[in-house]
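> Dropping the sequence and predicted coords here.
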Amino acid sequence: MASISLANISKRFGSLSVLDNVSIDIRDREFVALVGPSGCGKSTLLRIVAGLESISDGEISIDGEVVNDLGPQKRDLAMVFQTYALYPHMTTAQNMAFPLKLRGHSALEIDKAVGQAASTLHLDDLMDRLPRALSGGQRQRVAMGRAMVREPRAFLFDEPLSNLDAKLRSHMRLEIRQLHQALNATSIYVTHDQVEAMTMADRIVVMNRGRVEQEGSPIELFDRPANLFVASFLGSPTMNMADAVLTTDDEGKPVLSFDAQTSRIPVPAFTGAPNRKVIAGLRPQHMDVVPPDEGMIQAQVQIVENTGCETNIVVAIGAETWTVQSRQRQRLAQGDVIGLIFREEHIHLFDHGSQKRIN
Amino acid sequence: MTKAKRSILCWAALSPLLVVAIFPYATMLSTALKQKDEVFAVDQSWLPRGLYLDNFTRLLFERNFGQAVLNSLTISLGATLLSLAVAIPAAYALTRLSVPGKPFFRNYLLITQMISPIVLIIGLFRMFAYFGMINSQTSVIIAHSAFYMAFAVWMLQSYFATIPRELEEAAWLDGASRFTGFVRVFLPLCLPGVVVTALFTFVSSWNEYAMSLTFLRDASQQTAPVQIAFLTGTLYQIEWEMIMAATLIASLPVAIIFAFIQKYLIGGLALGGVK
């Protein structure tokens, strides 16, 4: 297994900059997820690590060895593609044996390695089938098997679950995680699905427009997003945002007032400079519904969505639309006025101009 | 509508086409099996008097048509192999590699297809004469493969473009060099496209007349189409029964190949949108 280091990686196609000075260090045996919206450069970055794309600037090293000029054949990495990329003219067994055959392993060794991988991935009954005779989930497993057999230095996953249905996706999520624990392999996992990233990764790197917005453990990113982009990208339903003003009360303690609300919410823990315009964020899970006169802010119910275990209440706060997620069954109707309460530590404050976190 | 009814209707709709396709073969076969007096009889009949195979034996042994068919086979096979040997890497480069001036090269290939071979034939004759290659089948193989190569490249590149790039990339990550990935992953997947292209090249070369006539002066070197043409024009009378036997023999290899690779042909023609 290996550590992978990306230092100041830039990639330009003519005047278009796809990656701009990206630096990430991936430790040995770590499971790192690269997340971001479509076109943020995460897949390009993975392809750069794989050796499938060249870089315009920067340095990639695997285990301390600079591999900038090394072809994908020589980097000893395995990749699971979004489309699985199984060889259509080879059976499951042949697909899995292919990397070992290329390395000149004996038939005995190949049989043993393929058999082992097949039994780990429950593929034993599908060894003679061609890819076209396999279901999406089975193809996914074969692709993983092909990556596993040769014990590469690291695994690269390029949105491997995006072609599967929701149920299978959550099942495969678990399997990949278990596999990672069993193999203890360094893994880079690209996804646009924040749930996948949150549930699977030891560390998440959030990317946007070719730059790293923030990196850290899933909980760190969820609890303390560094900027507005990360705050709104991670979490489902997405974080509620509203324009607000930070001022001080009569005692000089910082208070927050939302543009559309009269109430002033004390934020004593805030130590930055007050008297400024900010964007305040609150996660839907961090608010409770109370009668209007008991609420820190008031809102009008627009839509109530019952998902069974949770109720999503879409409310209007001035011109903003917020979502409140409640674990209790709420008897609310459109047009009802409700109060919302929340704890100070759950308020995320971002500078209005730079959109960076300030609390 | 029942299945039987539908199939009868389909056959009825297709029958005019069938007649058009079968009529020349029926005429060839019928005439080739007749004796000379039968061919010009007032009362024409589709069926010959008896199974008369003399036209074929005379053609093959007296007129040396067997040698012409063999020459045609050598030239067509040679031209097909040579043109594929160049067209496959060229098409691969055009679809997969960043080659400077790619659009220009594509247009250039297209423009070469607009020039009739007959326009170039004097120039080619002089060139082959300079190299002492007149009367050599190699000259026709080279000329044919050069002419059909552009079409082969076009056809192949449109097929190659349908093969997902990830398959090769997966092979590279599995440890295959570009060449190994090409041979073990890419080419097997392109086989239908390669077969169809080979077939078109083979048939074009098999039927080509002007260049074969010009570069091969010796009767023993001549190809089947040239010999058939000589059957019509070099004698005081036109021996239709011989001509028909010859055309039947000449069209057989192509028909056999088409029958064998039908499934590739349908798959291949449905792709690419070129021809």
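Done, it's in. Residues are numbered from 1 along each chain as shown, chains lettered A, B, ... in the order given.
> Nearest to the spatial middle of chain B, which residue is it?
B:V203 (0.6 Å; C-alpha atoms, centre = their mean).
> Just list the residues touching that one, thanks.
By C-beta atoms under 8 Å, 6 or more residues apart in numbering or on different chains, the contact list for B:V203 reads B:V254. In short, each C-beta sits where N, CA and C put it, glycine included.
> Now it: which helix or strand?
Assessed by DSSP states H and E, B:V203 sits inside helix B:187-207.
> How far away from the center of its chain is that helix?
9 Å (C-alpha atoms, centre = their mean, to the nearest Å).
> One more: stretch B:90-106?
Worked out by C-alpha atoms, centre = their mean, stretch B:90-106 lies 26 Å from the chain centre.
> one step back: tell me which residues of the helix holding B:V203 are tucked away?
Across helix B:187-207, burial judged by 16 or more other C-beta atoms under 10 Å in any protein chain shown covers B:189-190, B:192-207.
> Repeat that for stretch B:46-66.
B:P48, B:N55, B:F56, B:L59, B:L60, B:R63, B:F65.
> and the least confident of the residues you listed?
By pLDDT, B:P48 ranks lowest within the buried residues of stretch B:46-66, coming in at 79.
> Please settle this for me: is that one part of a strand?
No - secondary structure of B:P48 (DSSP: H, G, I helix; E, B strand; the rest coil): coil, not part of a strand.
> on that earlier part again, now the buried residues of stretch B:46-66 in a markdown table, please, with extra columns for secondary structure.
Below are those laid out as a markdown table (three-state DSSP):
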| residue | secondary structure |
| --- | --- |
| B:P48 | coil |
| B:N55 | helix |
| B:F56 | helix |
| B:L59 | helix |
| B:L60 | helix |
| B:R63 | coil |
| B:F65 | helix |
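> want to throw those residues into a markdown table with distance to A:H122?
Output for the buried residues of stretch B:46-66, formatted as a markdown table (distance: C-beta to C-beta, whole Å):
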| residue | distance to A:H122 |
| --- | --- |
| B:P48 | 68 |
| B:N55 | 68 |
| B:F56 | 64 |
| B:L59 | 66 |
| B:L60 | 64 |
| B:R63 | 69 |
| B:F65 | 64 |
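> Any residues of the stretch 51-200 of chain A in contact with chain B? List them.
Taking C-beta under 8 Å from any C-beta of the partner chain as the contact definition, the stretch 51-200 of chain A meets chain B at A:51-52, A:71-73, A:75, A:77-79, A:81, A:83, A:85-89, A:98-99, A:102-103, A:146, A:150.
> Mind listing residues that contact the longest helix along chain A?
Criterion DSSP state H: the longest helix present in chain A is helix A:166-183. The contact list for helix A:166-183 (C-beta under 8 Å, 6+ apart) reads A:31, A:120, A:136-137, A:140, A:144, A:148, A:155, A:157, A:160-161, A:164, A:187, A:189, A:196, A:199-200.
> I'd like to know which of these are buried.
A:31, A:120, A:137, A:140, A:144, A:148, A:155, A:157, A:160-161, A:164, A:187, A:189, A:196, A:200.
> Okay, and the beta partners of A:T321?
Counting by DSSP bridges, A:T321 is bridged to A:A316.
> in what helix or strand does the closest residue to A:D57 other than its chain neighbours lie?
The shortest distance from A:D57 to any residue other than its chain neighbours is 4.0 Å, reached at A:S10 (C-beta to C-beta, 6 or more residues apart in numbering or on different chains). Element membership for A:S10 (DSSP H and E) is strand A:4-13.
> how far is that strand from where the chain is centred?
With C-alpha atoms, centre = their mean as the basis, the mean position of strand A:4-13 lies at 20 Å from the chain mean.
> Quick check: buried residues in that strand?
A:I4, A:S5, A:L6, A:I9, A:K11.
> which other helices and strands contact whatever helix or strand comes next after it?
Sequence-wise, the next helix or strand downstream of strand A:4-13 (DSSP H and E) is strand A:16-26. Contacts defined by 3 or more C-beta pairs under 8 Å, 6 or more residues apart in numbering or on different chains; DSSP states H and E place strand A:16-26 against strand A:4-13, helix A:42-50, strand A:57-62, strand A:211-216.
> elements contacting the first one?
Where contact means 3+ C-beta pairs under 8 Å, 6+ apart, strand A:4-13 is packed against strand A:16-26, helix A:42-50, strand A:57-62.
> can you give me the angle that strand makes with strand A:57-62?
Orientation of strand A:4-13 against strand A:57-62 (axes from the mean of the first three to the mean of the last three C-alpha atoms, to 10 degrees) gives an angle of 150 degrees.
> tell me the pLDDT at the residue nearest to the centre of chain B?
91.
> Mean pLDDT and distance to B:I122 added to the helices and strands packed on strand A:16-26, as a markdown table?
Below are those laid out as a markdown table (pLDDT from 0 to 100; distance: least, C-beta to C-beta, whole Å):
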| stretch | mean pLDDT | distance to B:I122 |
| --- | --- | --- |
| strand A:4-13 | 93 | 49 |
| helix A:42-50 | 94 | 53 |
| strand A:57-62 | 94 | 57 |
| strand A:211-216 | 94 | 65 |
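> and those as JSON lines, adding distance to A:N359?
Output for the helices and strands packed on strand A:16-26, formatted as JSON lines (distance: least, C-beta to C-beta, whole Å):
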{"stretch": "strand A:4-13", "distance to A:N359": "31"}
{"stretch": "helix A:42-50", "distance to A:N359": "28"}
{"stretch": "strand A:57-62", "distance to A:N359": "34"}
{"stretch": "strand A:211-216", "distance to A:N359": "15"}
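> Which one of those lies nearest to B:R178?
Nearest of the helices and strands packed on strand A:16-26 to B:R178, taken as C-beta to C-beta: helix A:42-50 at 14.8 Å.
> wait, does the closest one contact chain B?
Yes - contact of helix A:42-50 with chain B (C-beta under 8 Å from any C-beta) involves A:A50.
> Could you figure out how far that helix is turned away from strand A:57-62?
60 degrees.
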